[in-house]
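[1] Provided below are the primary sequence and the corresponding predicted coordinates.
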Amino acid sequence: DLEGEGGHQAARLAALRQCKTSVSRELHRAAQDCAEINHSNLVTAADNKRLHTAADKLAEKLEGVNAERLKFRDAGERSRAETAASQDQLTDFETKLRGVRSSAFSSLAAGTGGQVMAGRKFALRDT
């Protein structure tokens, strides 16, 4: 009976050794996987840092572009206002010129046309 018990213990010991070997292999594979994951995490962290740096630089450039766009828009608005003011001045000048021409033609019709008016000689032409 002792011999049977010894054989049983030997079989059990062999099974435990096989289990230990299997568990050791699994632990070794898990340790390798963990090392690969840690390496991937380090690479990903470095990539993320570079991406954040690039995003910050891009944000700064976009702020600069937006500031230039606003300056350009403001310059355009000023230019439109100056153009409108110039147009108003031109309209006023044309109105005054029509008044002077009308007055000159009226003077001509009244018989004073070749005379000096207000210190200037007017050449009257229909333009």
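    Received the coordinates, thanks.
[2] quick one: mean pLDDT over the host helix or strand of K71.
    Secondary-structure assignment from DSSP states H and E places K71 in helix 2-109. In this model, helix 2-109 has a mean pLDDT of 94.
[3] counting contacts, what elements does that helix pack onto?
    Using 3 or more C-beta pairs under 8 Å, 6 or more residues apart in numbering; DSSP states H and E as the contact criterion, no secondary-structure element is in contact with helix 2-109. Any C-beta I mention is one placed from the backbone N, CA and C, and that applies to glycine too.
[4] off-centre distance for it?
    On the basis of C-alpha atoms, centre = their mean, to the nearest Å, helix 2-109 sits 10 Å off its chain's mean C-alpha point.
[5] spatially central residue in the chain, please.
    L62 (3.7 Å; C-alpha atoms, centre = their mean).
[6] from A75, how far off is it?
    Using C-beta to C-beta, to the nearest Å, one obtains 20 Å as the distance from L62 to A75.
[7] cool, and R29?
    Where A75 is concerned, R29 sits at a distance of 68 Å (C-beta to C-beta).
[8] can you check A85 too?
    Counting by C-beta to C-beta, the gap between A85 and A75 amounts to 15 Å.
[9] need the contact list for H52.
    By C-beta atoms under 8 Å, 6 or more residues apart in numbering, the contact list for H52 is empty.
[10] quick check: it vs A59, distance?
    According to C-beta to C-beta, H52 and A59 sit 10 Å apart.
[11] how about D88?
    When distance is defined by C-beta to C-beta, D88 is 43 Å away from A59.
[12] and if you look at R12?
    Here the distance between R12 and A59 works out to 68 Å (C-beta to C-beta).
[13] cool, and A110?
    Distance from A110 to A59, by C-beta to C-beta: 76 Å.
[14] ok, F105 - how many residues close by?
    A total of 14 residues lie near F105 under the criterion other C-beta atoms under 10 Å.
[15] nothing else from me, thank you.
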